[in-house]
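Visitor: Coordinates only, no sequence provided:
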């Protein structure tokens, strides 16, 4: 059974930090690109950050550049999102997303999400 389980969300004050984790199982984690996607209250999905399967290419939406860092540990089948200097506008449910595309197939998986609330 494929699972992506996020953890690490919670309530934090503006300027604070959190580290989200995404534990994967049931598929070959090391061959999948990983992303973090968020959904703020009343808004649509926004891709926050992505990392390729090998962990050496990363990308960020402009609003989090310099504050968030994505990483992965293929030995532990886990992806991370380190979030520093959090702002109220970062409040959202954060989802972990895994995707692979080859010439013969494409597959993607979603986690259930973890809520991050930034408020004083």
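Guide: Yes, it's here. Quick caveat: nothing in here was measured; it's all calculated off a predicted structure.
Visitor: Neighbours of residue 115, how many?
Guide: Neighbour count for residue 115, taken as other C-beta atoms under 10 Å: 12. Every residue, glycine included, has its C-beta placed from N, CA and C.
Visitor: Wait, it touches residue 90, no?
Guide: No: checked against C-beta atoms under 8 Å, the pair residue 115 and residue 90 is beyond contact range at 11.5 Å.
Visitor: ok, now which ones touch the closest residue to residue 23 other than its chain neighbours?
Guide: Leaving out its chain neighbours, the residue that sits closest to residue 23 by C-beta to C-beta, 6 or more residues apart in numbering is residue 5, at 4.7 Å. By C-beta atoms under 8 Å, 6 or more residues apart in numbering, the contact list for residue 5 reads 22, 23, 24, 111, 112.
Visitor: Quick one: buried ones out of those?
Guide: Among those, those that count as buried by neighbour count (16 or more other C-beta atoms under 10 Å) are 22, 23, 24, 111.
Visitor: tell me which element the third one is part of?
Guide: Yep, that's residue 24 we're talking about. Using DSSP states H and E, residue 24 falls within strand 18-25.
Visitor: After that strand, heading C-terminal, what element do we hit next?
Guide: Note on strand 18-25: by DSSP H and E, the next helix or strand toward the C-terminus is strand 33-39.
Visitor: Next, the angle strand 18-25 makes with that next one.
Guide: Strand 33-39 and strand 18-25 are oriented at 130 degrees to each other (axes from the mean of the first three to the mean of the last three C-alpha atoms, to 10 degrees).
Visitor: Quick check: which helices or strands does strand 33-39 pack against?
Guide: If you count contacts as 3 or more C-beta pairs under 8 Å, 6 or more residues apart in numbering; DSSP states H and E, strand 33-39 packs onto strand 18-25, strand 45-51, strand 68-73, strand 78-83, strand 92-101.
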